[in-house]
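need the 3D shape of this:
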Amino acid sequence: MKFGWLTLAHSPSPAQDARAIFEQLEQATLAEEVGFDGVWLTEHNFTGESVYADPIPFAAALAMRTQRIRIGFAVIQMALRHPVRLATQLSLLDNLTQGRLDIGVGRGTIFNEYEFVGFGLRSDDARERMVEALDVMTRAWTATPLDHRGKYFTLSLPELRPAPVQRPHPPIWHSVASAGSFRVCGEKGVPILTVRLPIAQIPERLGQYAGGLRVSGLDGAAQKRLLQQAAIWRWVYVGESRAAAEDELFAALVQTRRHMNHSRHALNPADFRVDPALLNPWTDPSCSDEEGIRYALRSGTLIGTAREVADQVAELRDAGVGHLLCQMSFGYLDHERIKRSMRQFGETVIPAFAGGAPAA
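Have a look, this model is predicted:
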């Protein structure tokens, strides 16, 4: 199995932003030290939900502090970006990392309409904007010169420099959730990242992806590699006991959820509505904190002692998961507790799934 360390990089208040940024750098650097294969950075704007806001310069800082670990995005909000500027920034970043870059892409947040408004946009055309931006960004790396006349972008590009180290460009991972999106990405033969799917849904979703891969035109080895690296997201917290770990994480998540829901209620435009079909107890503000957090702990969290967490990882492995993205950083959880959890996971859980000694 492969293990990525994922962060939402939450900061409780503007007064704590600078401290939170440097704590995130320390934690991300520790991820390399304790054996994670990749660091995955999210993108959110304006409220401290992702304290560095723009993950690209943060990734550049991280590149200077690491040697081995891959650095990825989960995900870049493509609808908010100009594709040529983005291609240029990512090419430079691939050079700075010496070819350790992974690019996760998505349309943008489905809950935080205020992020689109802050950039003078609305989300109504986000998917269409993303498709065009992704096409232009990819062709900026592969077509010289590039002339494009589209709905959202019109440009003439003589040549993009610097060229990325990974050719023709770094891997581009697509964010998926529905069964249909798994199938479509399989047919396209592209790597995927997904949300905190309940374990009961994982075999069916990966089956859809595998079915798509079979008609993608890729050879069997490439299909197997893509299926094995399909990345599943989980919250992860290792404590001295299951009860202590749940108490510590629960207290942090109460504050995280209240911050999230307050931002959406206060900042989203009055005419914006989230499709009710997309809500679950964690994201539904009409659910109590107790109900929302218990749902999240039950359906998308690995928690307990190192032995208990290893057993939970084994259940995911047996469900077909070969690549786990571990969100171990929570904005209202003490920095030292997060590092202690990361060390326990890296020292005792990861080796159990990479040919090392089992967790104790």
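
show the subsequent helix or strand relative to the helix or strand that contains residue 226.
Using DSSP states H and E, residue 226 falls within helix 220-229. Proceeding N to C from helix 220-229, the next assigned helix or strand is strand 231-238, under DSSP H and E.

partners of that following strand, with directions?
Strand 231-238 pairs in its sheet with strand 192-194 (parallel), strand 301-304 (parallel), strand 323-329 (parallel), by DSSP bridges.

I'd like the next helix or strand past the shortest one.
What that stands for is strand 192-194. Immediately after strand 192-194, counting by DSSP H and E, sits helix 202-214.

return the set of buried residues in that next one.
202, 205, 206, 207, 208, 209, 210, 212, 213 (16 or more other Cβ atoms under 10 Å). Any C-beta I mention is one placed from the backbone N, CA and C, and that applies to glycine too.

likewise stretch 139-159?
Neighbour-count burial for stretch 139-159, with 16+ other Cβ under 10 Å as criterion, is recorded at 139, 140, 141, 146, 148, 152, 157.

what residues does that stretch touch?
With contact meaning Cβ atoms under 8 Å, 6 or more residues apart in numbering, stretch 139-159 is reached by 82-84, 87-88, 91, 128-129, 132-133, 136, 160, 163-164, 168-169.

before we move on, the earlier item: out of the strands paired with strand 231-238, which is the most enclosed?
strand 192-194 (a mean of 26; mean count of other Cβ atoms under 10 Å).

for the spatially most central residue of the chain, which residues are in contact?
By Cα atoms, centre = their mean, the chain has its centre lying nearest to residue 74, at 2.7 Å. Residue 74 makes contact with 6, 40, 41, 42, 104, 173, 175, 193, 231, 233, 325, according to Cβ under 8 Å, 6+ apart.

repeat that for residue 176.
Contacts of residue 176 (Cβ under 8 Å, 6+ apart): 182, 185, 192, 193, 194, 205, 209.

mind checking the pLDDT average for stretch 90-107?
Average pLDDT, stretch 90-107: 98.

so which bits of that stretch are buried?
90-94, 96-97, 100-107.

buried residues, stretch 309-322. List them.
The neighbour-count check on stretch 309-322 (16+ other Cβ under 10 Å) flags 309, 310, 312, 313, 314, 316, 320, 321, 322 as buried.

now the third one: how far from residue 165?
In this case it means residue 312. Distance of residue 312 to residue 165, computed by Cβ to Cβ, to the nearest Å: 36 Å.

how about residue 178?
As judged by Cβ to Cβ, residue 178 and residue 165 stand 34 Å apart.

the two: which is more packed in?
residue 165 (17 against 11; other Cβ atoms under 10 Å).

which one is that one nearest to, not counting chain neighbours?
residue 99 (3.9 Å; Cβ to Cβ, 6 or more residues apart in numbering).

my read: that neighbour touches residue 167, true?
No - judged on Cβ atoms under 8 Å, residue 99 makes no contact with residue 167 at a distance of 9.4 Å.

quickly list what's touching both of those two.
With Cβ under 8 Å, 6+ apart, residue 99 and residue 167 have no common neighbours.

neighbours of residue 110, just the number please.
Residue 110 has 14 neighbouring residues, counting by other Cβ under 10 Å.

before we move on, what about the one 10 residues further on?
The local packing of residue 120 (other Cβ under 10 Å) involves 7 other residues.

and it, that one's in a strand?
No - counting by DSSP: H, G, I helix; E, B strand; the rest coil, residue 120 is not found in a strand; it is coil.

distance of it from residue 278?
Separation of residue 120 from residue 278 (Cβ to Cβ): 24 Å.

and for residue 193?
In terms of Cβ to Cβ, residue 193 sits 17 Å off from residue 278.

repeat that for residue 334.
The value you get for residue 334 to residue 278, if Cβ to Cβ is used, is 32 Å.

still on that earlier bit, next one, pLDDT for the residue nearest to the centre of the chain please.
97.

one more: the one 4 residues further on?
According to the per-residue confidence, residue 78 scores 97 in pLDDT.

before we move on, the earlier item: what's the PyMOL syntax to select whichever of the contacts of stretch 139-159 are buried?
Buried residues among the contacts of stretch 139-159 (16+ other Cβ under 10 Å), as a PyMOL selection:
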select buried, resi 83+84+87+88+91+129+132+133+136+160+164+169
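
so which of the contacts of stretch 139-159 belong to helices?
Counting by DSSP state H, the contacts of stretch 139-159 place 83, 84, 87, 88, 91, 128, 129, 132, 133, 136 in helices.

pLDDT weak spots in the protein?
355-360 (pLDDT under 70).

residue 267 touches residue 116, doesn't it?
No - under the criterion of Cβ under 8 Å, residue 267 makes no contact with residue 116, lying 11.2 Å away.

which one of those two is surrounded by more residues?
Neighbour tally, residue 267 and residue 116, criterion other Cβ under 10 Å: the higher count belongs to residue 116, 24 against 16.

right, I'll leave it there.
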